[in-house]
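J.: sequence first, predicted coordinates after that:
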Amino acid sequence: MDETKGLVMVNTGRGKGKSTAAFGLAVRAAGHGWRTLIIQFVKSGQGYGEVKGLGFLPGVELRATGLGLIGDHDDLAPHREAARNGWDMAVAEVTGGDWDLVILDEINVAMRRGFVGPEEVAGLIKAKPPRMHLVLTGRSCPPEIQELADMVTVMEPKRHHAQAGVPAQAGVEF
């Protein structure tokens, strides 16, 4: 990686495409020979096309630490434990400095659910190596995290095919 400032980027909002945009950045980074780590905080890695697709890219590693989507009546304790394990991994990997790009996929959801505190994430942002790029995805990114970011993109829906009764499409949503 050249001598540029490592950016902190946030993809948030209610619209689709937050993770997809981050994974597109991973594809671009692979084209430059960067080492990229993606840690997924909610997704389990089961049935998602990005797990298989990104595995084809040299230098890109995806680690799913979540248990899957969280239902309204789910016991949150196992999800909290999984998120904490993912968080411990994120801290070790970011501060270890072996990566050019780290994507913390759905970390904003982990913060919203109270699994990881915004103050912890803020501390990691401040502790990251100066040349490392860091991406945080998920709905409801706390304002204090957005303030620390170099770039914030808010995805807002205008129309979604699900509203017309069209189910999720393989290769598009998963």
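T.: On my side now, so go ahead. Predicted, not measured: the structure shown is a model, and the values here were computed from it.
J.: just checking, Leu124 touches Val94?
T.: Yes - counting by C-beta atoms under 8 Å, Leu124 touches Val94, with 5.7 Å between them. In this view, the C-beta of every residue, glycine as well, is placed from N, C-alpha and C.
J.: show me what the strand or helix carrying Asn85 packs onto, helices and strands only.
T.: Per DSSP states H and E: Asn85 is located in helix 76-96. Applying 3 or more C-beta pairs under 8 Å, 6 or more residues apart in numbering; DSSP states H and E, we find helix 76-96 packed against strand 36-40, strand 101-105, helix 107-112, helix 118-127.
J.: nearest to Thr12, out of these?
T.: helix 107-112 (5.8 Å; C-beta to C-beta).
J.: if you average pLDDT over that closest one, what comes out?
T.: For helix 107-112, the mean pLDDT works out to 98.
J.: and the contacts of that helix?
T.: Residues outside helix 107-112 that contact it (C-beta atoms under 8 Å, 6 or more residues apart in numbering) are 10, 12, 41-42, 83, 86-87, 90, 116-118, 121, 136-142, 145.
J.: show me how to select, in ChimeraX, the buried members of these.
T.: Only the buried entries of the contacts of helix 107-112 go into this ChimeraX selection, using 16 or more other C-beta atoms under 10 Å:
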select :10,12,41,42,83,86,87,90,116,118,121,136,137,138,141,142,145
